[in-house]
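>>> Here is a sequence together with a model predicted from it:
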Amino acid sequence: MTTLVDILGAPRHRAALITEAVSLIEAQVASSRGLKGVGLRAGLAMLRAARPGLLTRAVERLLPDFAQALEPLYRRFRESPTTDFSVFLQQHGTEVVHAAMTTADARVARSSHASLNSGYARLRGAIEAELRAAIPAIGHLLGRHVSQKNGTGPDRAKHARGPGPWE
């Protein structure tokens, strides 16, 4: 059986997936409200100013580890009666958030950049909350790149534009 790492890392998916993931993150941060939103927007703006392209590079680096962390869920999806991976991910949102946060935590722990570590530590709770809010969009994003169990693949017309941060 093909693994999720193989599917998401395949050249036909990887570049588009990274671009879409960066757009999703930017849209999610932009739609954040309140003090948490101000903090997230300020943090992202500082990252962009200090290191242009950092978000794209971060997604590129985290994608294989995130896909590996989701692999147990992907195996359960393949064994389940659910035929749509995006629906399955939405049904298991807590596990998706845990996989993403575990991946990010491990990456930050390996980093020697003190400013990255302290910024991440300050924003970690807000990031986790935003991930929970973004589960439907994350499910749609990954579902567009993973063939459905019936072999027909995702409905490209239905997902051509992709979900906004509100979906």
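Thanks, I have it.

>>> How many neighbouring residues does Ala109 have?
9 (other Cβ atoms under 10 Å). Bear in mind the C-beta positions are built from the backbone N, C-alpha and C, glycine included.

>>> With Ala27 instead?
Using other Cβ under 10 Å, Ala27 has 17 other residues around it.

>>> Let me know the helix or strand that it is in.
Per DSSP states H and E: Ala27 is located in helix 11-31.

>>> Which stretches in this structure count as helices?
4-9, 11-31, 34-50, 54-79, 85-91, 93-110, 114-133, 135-145 (DSSP state H).

>>> can you list those in CSV and add mean pLDDT?
Converted to CSV, the helices of the chain look like this (pLDDT from 0 to 100):
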stretch, mean pLDDT
helix 4-9, 92
helix 11-31, 91
helix 34-50, 84
helix 54-79, 93
helix 85-91, 94
helix 93-110, 94
helix 114-133, 86
helix 135-145, 93
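
>>> about what we covered before: pull the residues that contact the helix holding Ala27.
7-8, 37, 40-41, 44, 55-56, 59-60, 63, 130, 133-134, 137-138, 141, 144-145, 162, 164-166 (Cβ atoms under 8 Å, 6 or more residues apart in numbering).
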